[in-house]
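Participant: got a sequence here, can you model it:
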Amino acid sequence: MQNKLIEQANFFGLRVSIFTYENLVEYIKESLKHGTSVVYYGYSMGTITRFRPYPELYHYINDYDLMVTDGRLFYLLAKLCGLPLKYDISIPYLTELVLEVGNEKHASVMIIGSTEKKNNNASQNLRNKFKNLTVYEGYTGGDFSDRENDKTVSYVNKYNPDILLIGVSNPKKEYFTFKNKTKLNVKIIIPCGGMVDILAGEVARIPKTVKKLGFGWLWRIVLEPNRFLKDKLNQSSHILLKIIPLILFNRYLKNRSNFFIPSIYAIPNRNRKIRNSYSSGHMT
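Facilitator: Presented below is the predicted three-dimensional model:
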């Protein structure tokens, strides 16, 4: 789906969408009206660290459509490097906004992934909150492996929901989305991962103030230390000691920011196709 309100800019090979809040709302409405498997995705600094163990993620993600700055640090770093960002929104709040617009438009939604209990609770909470949304029974029967892929796609297409929320961890959700983007009979796809836990009422959403201050990572550690402490510390060291210095070095000393630099993301040089995929200053 093409929309002149959403500009696509290049940040070291990452496609990032430029929009105002009003542009975003209009884009969601257009997606619900005319979209065909339009994928909404969010970048954070944590996302970038996943390119190191899963270099294929870079290729998957840059095939998506609306690319928001999910993490405040990513947003501020991109602004510092000259990207003309106008509005930032995290995936949880973007998902909520899509559901609000969907409710206004009498749309339908389905959640796939997560546990059966969480999926059912999240679906019921959506029914209770959004009276005009049609919430189809979610799907948790598959493990999102290749052998279960066709079964999962067939279940979704049986209902043809306008909005599809994919509640599994990365890189499974990114791979499933990339592989099936053209096979799914839906209008908006949001690989939202742990957002299903929030919708189910099991995890508190990070307050906007905390996100704006850039302390979302600390909030997660405080709430779920056993789950996030080790992972976030590893991510933070990689971000602070390698990614940010390399980005600032290439932006201010090398004066380049609009093409792919594999050393920033620790993506092997052998991945030539990926490295040359996005080389222009602005993307369409």
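Participant: dihedrals phi and psi, residue 68?
Facilitator: Phi and psi for residue 68, reported as degrees, to the nearest 10, are phi -100, psi 160.
Participant: next, count neighbours for it.
Facilitator: Using other Cβ atoms under 10 Å, residue 68 has 24 neighbouring residues. Using the backbone N, CA and C atoms, a C-beta is placed for each residue, glycine as well.
Participant: wait, what's in contact with the nearest residue to it once chain neighbours are set aside?
Facilitator: Leaving out its chain neighbours, the residue that sits closest to residue 68 by Cβ to Cβ, 6 or more residues apart in numbering is residue 42, at 4.8 Å. Neighbour list for residue 42: 67-71, 90-91, 94 [criterion: Cβ atoms under 8 Å, 6 or more residues apart in numbering].
Participant: ok, then the element right after the helix or strand hosting residue 147?
Facilitator: Element membership for residue 147, per DSSP states H and E: helix 146-159. Next in sequence after helix 146-159, counting helices and strands by DSSP H and E, comes strand 163-167.
Participant: hmm, who's touching the helix or strand just after that following strand?
Facilitator: Next helix or strand after strand 163-167 toward the C-terminus (DSSP H and E): helix 172-180. For helix 172-180, contacts defined as Cβ under 8 Å, 6+ apart pick out 39, 41, 56-57, 59-61, 63-64, 113, 144, 149, 152-153, 166-168, 189, 191-193.
Participant: so how far is helix 172-180 off the chain centroid?
Facilitator: How far helix 172-180 lies from its chain's middle: 12 Å, per Cα atoms, centre = their mean, to the nearest Å.
Participant: for stretch 37-48, same thing?
Facilitator: Its chain's C-alpha centre and that of stretch 37-48 lie 3 Å apart, by Cα atoms, centre = their mean.
Participant: equivalent analysis for stretch 168-181, please.
Facilitator: 11 Å.
Participant: returning to that earlier point: pretty sure the residue nearest to residue 68 sits in a helix.
Facilitator: No - the assignment for residue 42, made by DSSP: H, G, I helix; E, B strand; the rest coil, is strand rather than a helix.
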